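> Predicted coordinates and the sequence they were generated for:
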Amino acid sequence: MFAISLGDDGAELGPLEPWQAEELLAHMDRGREYIGRYVALPTVCTDLPSTRAFLQAYADKTAADKGRILGIRLDGTLVGGVMLRLMDTAAGTCEAGCWLEPSVSGRGLVTRAVRVLIDWAVYERGLHRVEWQVSSANTASIKVAERLGMTKDGVLRESYPYRGVRHDMEVWSVLAPEWRAAAREAR
């Protein structure tokens, strides 16, 4: 399997495929409550068949060039992931998402992984707009959007019913010219 290093701390980004359903389910079980605070993934991946079906749906999206899912591993253990939940190459847009176990939060893993994902979307696939939708209550994810140089486009008030609560969803984005300019400035 291939992997992309996310730094010198043993963190890597690599594919998540249907044959890795047991690994993803074990990861979900370790962080189910924490991950599920704002993300529905733990309610989707509840057992081996549902987890395999979830990964198969992303394998199908990958084959159709309509999405991607990648795992974040630390010293070989799956601890989180990033995805292009939606991807429309004709329109040049995609929506990125993420999740992470509580034991590794605060290390910059998601920021580094999403940076690789956006690089791929912009430089390899030629997408123009990368979007990030986040509950206004999810301050950690909002900070990731800020660190990535995204712009807050607006708030969709009470647009996301989840666990009996209607969440305000913030929409953040970065455009390809902005992403390229930031990369040039970082050099």
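Structure's in. What do you need?
> Flag the shaky bits of the protein, pLDDT-wise.
1 (pLDDT under 70).
> now the strands: where do they sit in this protein?
Listed from the start of the chain, the chain has strands (DSSP state E) covering 4-5, 11-15, 68-74, 77-88, 93-100, 129-135, 151-162, 165-175.
> Now do the shortest one: which elements does it pack against?
Pointing back at strand 4-5 there. The contact analysis (3 or more Cβ pairs under 8 Å, 6 or more residues apart in numbering; DSSP states H and E) places strand 4-5 against strand 11-15. Where you see a C-beta, it was placed from the backbone N, CA and C, and this is true even at glycine.
> Which neighbours in the sheet does the strand it packs on have, and how are they oriented?
strand 4-5 (antiparallel), strand 68-74 (antiparallel) (DSSP bridges).
> These: which one's closest to Met28?
strand 68-74 (11.8 Å; Cβ to Cβ).
> Show me how far the closest one is from its chain's centre.
What separates the centre of strand 68-74 from the centre of its chain is 9 Å, taken as Cα atoms, centre = their mean, to the nearest Å.
> How about stretch 101-115?
10 Å.
> for stretch 114-128, which positions count as buried?
The neighbour-count check on stretch 114-128 (16 or more other Cβ atoms under 10 Å) flags 114-115, 117-118, 120-122, 127 as buried.
> I meant to write stretch 164-178 there.
In stretch 164-178, counting by 16+ other Cβ under 10 Å, buried: 167, 169-176, 178.
> Tell me which two in these are the farthest apart.
Based on Cβ to Cβ, the longest span within those runs between His167 and Ala176 and measures 28.6 Å.
> In this structure Lys66 contacts Leu86, no?
Yes: using Cβ atoms under 8 Å, Lys66 and Leu86 qualify as a contacting pair, with a distance of 7.5 Å.
> of all the buried residues of stretch 114-128, which comes closest to Leu55?
Leu55 lies nearest to Leu117 out of these, by Cβ to Cβ, at 17.2 Å.
> mind listing what the closest one touches?
By Cβ atoms under 8 Å, 6 or more residues apart in numbering, the contact list for Leu117 reads 13, 68, 70, 82, 84, 96.
> so how many other residues sit close to the second one?
Other residues within reach of Arg68, judged by other Cβ atoms under 10 Å, total 21.
> cool, and the third one?
Look at Leu70: counted by other Cβ under 10 Å, it has 24 neighbours.
> beta partners for it?
Using DSSP bridges, the bridge partners assigned to Leu70 are Pro15, Val82.
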